[in-house]
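Asker: here are the coordinates; sequence isn't available:
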């Protein structure tokens, strides 16, 4: 759990430093951009709670998580969710359908919102999803689990191209809008 959280924050801080330097956001009025980034980095993992408490509460792991939460042992509950993430069905946020919808939302917020908090939140959220795909790619060897419900098979060769396109879109939105 710690390793994954540290990984997400290293990428978020690096990306946000580059955006801050590129855009010249040196004034204190841009601190909400960073606050949005911190919150946006943490939000995508809420889908594990949604899965455990709302979508599949009868699952054995979900019941263990509920018990630990009831006992106020949040740290152990989070560790259990983290260690069993591949055992559960695909969470809501970690699917291609959600990611494509969120890509449109991210583009809309970045191009039309004047609030640094909103821009930071959606950019960090989207970056988190890309990092999760990258972690899946290196741990499992494929990101095909993100595409489970699609009517066609998504192979590893095409996933590299897909990931590079999605990363390019993130960089474009972070630096130029």
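Answerer: Done, it's in. As the structure is a computational prediction, the values presented were derived from the model and not from experiment.
Asker: quick one: low-confidence ranges for the chain?
Answerer: Per-residue confidence for the chain (pLDDT under 70) gives these ranges: 1, 88-90, 149, 151-159.
Asker: which one's the longest helix in it?
Answerer: The helix spanning the most residues in the chain, taking DSSP state H as the definition, is helix 116-140.
Asker: elements contacting it?
Answerer: Contacts defined by 3 or more Cβ pairs under 8 Å, 6 or more residues apart in numbering; DSSP states H and E place helix 116-140 against helix 2-23, helix 31-42, helix 96-112, helix 156-176. Every C-beta, even on glycine, is put in place using the N, C-alpha and C of the backbone.
Asker: tell me the most buried of those?
Answerer: For the helices and strands packed on helix 116-140, the largest average neighbour count (mean count of other Cβ atoms under 10 Å) is found in helix 31-42, namely a mean of 19.
Asker: That one vs helix 116-140, what angle?
Answerer: Helix 31-42 and helix 116-140 meet at an angle of 30 degrees, taking axes from the mean of the first three to the mean of the last three Cα atoms, to 10 degrees as the criterion.
Asker: any chance of the helices and strands packed on helix 116-140 in JSON lines, plus distance to residue 135?
Answerer: Supplementary listing: the helices and strands packed on helix 116-140 in JSON lines, determined by distance: least, Cβ to Cβ, whole Å:
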{"stretch": "helix 2-23", "distance to residue 135": "7"}
{"stretch": "helix 31-42", "distance to residue 135": "14"}
{"stretch": "helix 96-112", "distance to residue 135": "15"}
{"stretch": "helix 156-176", "distance to residue 135": "12"}
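Asker: what about the ones you listed, which gets the closest to residue 130?
Answerer: Taking Cβ to Cβ as the criterion, helix 156-176 is the member of those that comes nearest to residue 130, at 5.9 Å.
Asker: State the phi and psi torsions of residue 67.
Answerer: Main-chain dihedrals, residue 67, degrees, to the nearest 10: phi -60, psi -50.
Asker: how close does residue 163 get to residue 30?
Answerer: 29 Å (Cβ to Cβ, to the nearest Å).
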